[in-house]
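Engineer: Below is the structure, and that's it, no one-letter string:
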């Protein structure tokens with residue numbers, strides 16, 4: 001069967017002497033694996049469109065598990081994301097989340113648009129930390145394990161502050177219930193409000209957001225631990241992100 005789909009290259013690896021196998025995240029068919037014959041060769045007409053992070057229209061035949069690329073048109077090359085070390089690390093984390101947390105053929109037009117918008121936002125030099133936190137929230141919601149942020153996850157009380165965040169228990173803890181999780185993270189009211197905003201905000205509408213470094217650190221600490229506890233995936237791209245932070249690369 002011949003397919004013509006819009007997709008984003010979320011994984012690409014060499015296969016044999018001159019071929020590549022790419023994984024596309026598509027708007028209509030979810031994740032699809034496609035063989036691009038001869039794509040490793042510099043003069044190949046498939047060389048550019050099979051690059052990681054490329055957004056394009058792909059035409060391929062598929063009769064079994066793996067499609068065979070016939071043609072394609074680049075809609076957005078995202079070459080800046082590959083040429084800049086920092087941007088490449090951030091973008092790799094975004095696409096690896098989709099690769100590891102979305103099942104084959106599990107389509108979501110909304111998630112496709114969120115990934116496309118996240119890559120575009122990185123390219124437009126918007127705050128990468130906010131983009132990553134936003135996309136993590138979208139992936140958690142997509143996976144059905146979004147944190148509880150509108151009331152205490154233990155007793156249901158809606159306030160007042162101070163609050164703490166429990167990755168293990170799944171969300172917000174009021175002051176009275178904080179002892180339920182000694183490892184909970186003390187969070188300022190601004191951090192909790194921003195988390196709620198990130199849960200609701202569409203990446204297509206992301207503008208310039210000024211966030212204190214302390215708040216960014218709390219967001220990262222909570223969502224990193226929450227992903228570890230509830231997403232059930234190991235992401236290799238996190239190692240390089242941590243190295244960048246550690247050594248200020």
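Structural biologist: That came through, no problem. Keep in mind that this is a model prediction, so the values were computed, not measured. Residues are numbered from 1 along each chain as shown.
Engineer: gap between stretch 216-233 and the chain center?
Structural biologist: 13 Å (CA atoms, centre = their mean, to the nearest Å).
Engineer: In that stretch, which residues are buried?
Structural biologist: Going by neighbour count (16 or more other CB atoms under 10 Å), the buried part of stretch 216-233 is 216, 218-220, 222-227, 230-231. (Each C-beta comes from the backbone N, C-alpha and C, glycine too.)
Engineer: those strands in this protein, which residues are they?
Structural biologist: Assigned by DSSP state E, the strands in the chain fall at 2-15, 19-26, 30-36, 55-62, 67-76, 163-166, 171-173, 185-187.
Engineer: Check which residues of stretch 153-161 are buried.
Structural biologist: 153-154.
Engineer: who's in contact with that stretch?
Structural biologist: Defining contact as CB atoms under 8 Å, 6 or more residues apart in numbering, one finds that stretch 153-161 is touched by 147, 150-152, 166, 169-177, 180, 189, 192.
Engineer: Report the buried members of the residues you listed.
Structural biologist: 147, 152, 166, 169-174, 177, 180, 192.
Engineer: In those residues, find the pair that's most separated.
Structural biologist: 180 and 192 (17.2 Å; CB to CB).
Engineer: Next one, pLDDT for residue 63 please.
Structural biologist: pLDDT, residue 63: 85.
Engineer: Same check on residue 189?
Structural biologist: 88.
Engineer: wait, it sits on residue 163?
Structural biologist: Yes: counting by CB atoms under 8 Å, residue 163 is a contact partner of residue 189 at 7.1 Å.
Engineer: Quick check: can you list the domain ranges of this protein?
Structural biologist: Domain assignment of the chain by automatic domain parsing yields the ranges 2-77, 80-147+183-247.
Engineer: With distance to residue 108 added, can I get the strands of the chain in JSON lines?
Structural biologist: Below are the strands of the chain laid out as JSON lines (distance: least, CB to CB, whole Å):
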{"stretch": "strand 2-15", "distance to residue 108": "13"}
{"stretch": "strand 19-26", "distance to residue 108": "9"}
{"stretch": "strand 30-36", "distance to residue 108": "7"}
{"stretch": "strand 55-62", "distance to residue 108": "16"}
{"stretch": "strand 67-76", "distance to residue 108": "19"}
{"stretch": "strand 163-166", "distance to residue 108": "27"}
{"stretch": "strand 171-173", "distance to residue 108": "23"}
{"stretch": "strand 185-187", "distance to residue 108": "30"}
